[in-house]
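J.: below: sequence and its predicted model.
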Amino acid sequence: MLRLLAFLCAGMFAILLIGGEDHGQLRPGLVAQDSPAKAPAARITSPAQPAAVIEAAYTPEAAAQPAAAHLPVVLPLIKPVAELPEPEATEPEAEIRYVSARAVNVREGPSTEFPVVERLTRGEAIRVMWVEDNGWVHIVIEGDGISGFVSGDLLSATAP
């Protein structure tokens, strides 16, 4: 067992000695940015620019220029507006009505031909969005997120 452990440790040491050697930075584009004294051939060329243009742009004189030539661009601050207009109400004021019948069906459309979505009981408060020409009312029930149509004859303005 001890021989097996020693053989394993020697093998791992040899693998790390051979394969784990640090070769330094292998991407020449990053090396050129870190040390400007490198040769211009060490820079990465993009397909959009020929190598001659990049090599011509890099000169040892340009690398010797002070760091002030490489300052970032400073943009002016945006001044806040003194008065912003008030946001307009996107949702119209809705009227609150109450169910006056014992039970009312909420339907998908403004007639009895449409399927029933929900059933409401006496005294439940609903929000009226609009009233159709045929007397049906489009309603929304806030807490449940239910919307549909109810006959306007079955609603009252006061709680029963």
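T.: Structure received.
J.: for E95, list the residues it contacts.
T.: The contact partners of E95, by CB atoms under 8 Å, 6 or more residues apart in numbering, come to 127-128, 157. (Each C-beta comes from the backbone N, C-alpha and C, glycine too.)
J.: next: E124.
T.: For E124, the contacting residues are 98-99, 141, by CB under 8 Å, 6+ apart.
J.: pull the contacting residues for F114.
T.: 107-108, 149.
J.: buried subset of the residues you listed?
T.: 107, 149 (16 or more other CB atoms under 10 Å).
J.: filter the contacts of F114 down to the ones in strands?
T.: Residues of those located in strands (DSSP state E): 107, 149.
J.: could you dump the contacts of F114 into JSON lines and include pLDDT and distance to M1?
T.: Shown next, in JSON lines, are the contacts of F114 (pLDDT from 0 to 100; distance: CB to CB, whole Å):
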{"residue": "R107", "pLDDT": "94", "distance to M1": "82"}
{"residue": "E108", "pLDDT": "93", "distance to M1": "78"}
{"residue": "F149", "pLDDT": "94", "distance to M1": "84"}
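J.: using JSON lines, lay out the contacts of F114 together with distance to G11.
T.: Shown next, in JSON lines, are those (distance: CB to CB, whole Å):
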{"residue": "R107", "distance to G11": "79"}
{"residue": "E108", "distance to G11": "75"}
{"residue": "F149", "distance to G11": "80"}
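J.: for the contacts of F114, which one is nearest A94?
T.: Nearest to A94 out of these is F149 (CB to CB; 14.9 Å).
J.: how about the contacts made by that closest one?
T.: Neighbour list for F149: 106-111, 114, 132, 136-139 [criterion: CB under 8 Å, 6+ apart].
J.: out of the contacts of E95, grab the one that's most surrounded.
T.: When the contacts of E95 are compared by neighbour count (other CB atoms under 10 Å), V128 ends up highest, at 17 neighbours.
J.: show the model's pLDDT score for it.
T.: Looking at V128, its pLDDT reads 91.
J.: who touches it in this structure?
T.: 94-97, 137-139, 155.
J.: hmm, try it at 10 Å
T.: Applying CB atoms under 10 Å, 6 or more residues apart in numbering, we find V128 in contact with 94-97, 137-140, 150, 152, 155, 157.
J.: swap in A125?
T.: Neighbouring residues of A125 by CB under 10 Å, 6+ apart: 96-99, 141-143, 159.
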